[in-house]
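In: Need coordinates for the below:
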Amino acid sequence: MDPKGRVALVTGGARRVGRALALALADRGARLAIHHHESPADATMLIDQLSARGIDAAAFQSDLRKADAPDRLVADVVGHFGTLDILVNSAAVMVRGPLEDITPDAWDDTFALNLRAPFFCARAAARAMGERGGVIVNLADLAGIEAWPAYAAHGISKAGVIHMTRVLARILAPRVRVNAIAPGAVLLPASWSADDAAHLERTTPLHRLGSPNDVAQAMLYLIDADYVTGDLLVVDGGRHIR
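Out: Below you'll find the predicted structure:
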C-alpha cells in the first residue's frame, strides 16, 4: 500500500520511536493521526511541525489502558478524517525490575497497554477499514523473542504481540495485512549509561546501535509489501543470532 494520501494512526506517536514512525509516514505523504496519553506538548509540537509542511495531521489523547479506549480512539480518528487505512500500534510501557517486585497491578498495567490495547485497536481499525482493506503494523520487541530476566512482564507481553500478529493476520486476510517489528537497541532508556551502550555495541554482531529510523524503514517496507502478512521483522543488528 502506498501511504500517500492514506490516513494513518500511530499510537504513542508523539515521542521516541513512535514519533519517528509518524514522521516517516508524513514523508511518504500520509495523513497523520497522532495518539498520545500524557505528552500533549510533544504532540502539539509535532502537529505544528507537520502542519507547517502542509501535512494533514491531528492529535488524539487517550489512555489506552482503559478497556473502552481503543474503540473510542479509532472512532474519533474516523470521525475526524472520514476513514482509516493504516494502524501502527507503537504505544507501550517497558518497566525494569526483579521478579519479586512484579505485583498483579503492575502486571495488569503492562498487559493492558502492551497487549490488550493493540489487539482492540486492531479490531476496531479492521472494522473501520471495511472491504477496501488496510494495513496494521504492531511494534513488538526483541524481548518478545529472547528471555530478559529484568523485563519479565514486558517480554511476555511482547511475545503475546508477536502471536497476536499471526492470529490477526490469519483472521483478517485477505482484506487487512498484519505484521510486526521487533526492534533491538535502537533507542536506549535515558537512565542507561555510556558503559551500557558500549556493552550493547560490543555484543551486537553489527557492532553498533540502531536508531528509530531503522524501525521506521522496516515499517514502511511492511506497509508497501503487498504480499507479506503474519510476519515478524527483527531490526536488532543481529543480536538475536549472537
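In: in stretch 169-179, what counts as buried?
Out: Buried residues in stretch 169-179, counted by 16 or more other Cβ atoms under 10 Å: Ala169, Leu172, Val176, Arg177, Val178, Asn179. No exception for glycine: its C-beta is placed from N, CA and C like everyone else's.
In: Could you do stretch 205-221 as well?
Out: Leu209, Gly210, Pro212, Asp214, Val215, Ala216, Ala218, Met219, Leu220.
In: How about stretch 181-196?
Out: Here stretch 181-196 shows Ile181, Ala182, Pro183, Gly184, Ala185, Val186 as buried, counting by 16+ other Cβ under 10 Å.
In: Stretch 231-238: end-to-end distance?
Out: 17 Å (Cα to Cα, to the nearest Å).
In: that older thread, of all the buried residues of stretch 181-196, which comes closest to His37?
Out: Nearest to His37 among the buried residues of stretch 181-196: Pro183, at 20.1 Å, using Cβ to Cβ.
In: Ramachandran coordinates for that closest one?
Out: Per-residue torsions, Pro183: phi -70, psi 150 (degrees, to the nearest 10).
In: Which neighbouring elements make contact with the top helix by length along the chain?
Out: Longest helix in the chain by number of residues, with DSSP state H as the criterion: helix 152-172. Applying 3 or more Cβ pairs under 8 Å, 6 or more residues apart in numbering; DSSP states H and E, we find helix 152-172 packed against helix 104-111, helix 117-129, strand 134-139, strand 176-183.
In: Dump the third one to CSV, keeping only the CA atoms.
Out: As requested, C-alpha coordinates have been extracted for strand 134-139 and formatted as CSV (Å, rounded to 0.1, in the frame of the first residue of the first chain):
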residue,chain,number,x,y,z
GLY,A,134,-5.7,-1.7,5.0
VAL,A,135,-2.5,-2.4,6.9
ILE,A,136,-1.7,-2.9,10.5
VAL,A,137,1.9,-2.9,11.9
ASN,A,138,2.5,-3.9,15.5
LEU,A,139,5.6,-2.9,17.5
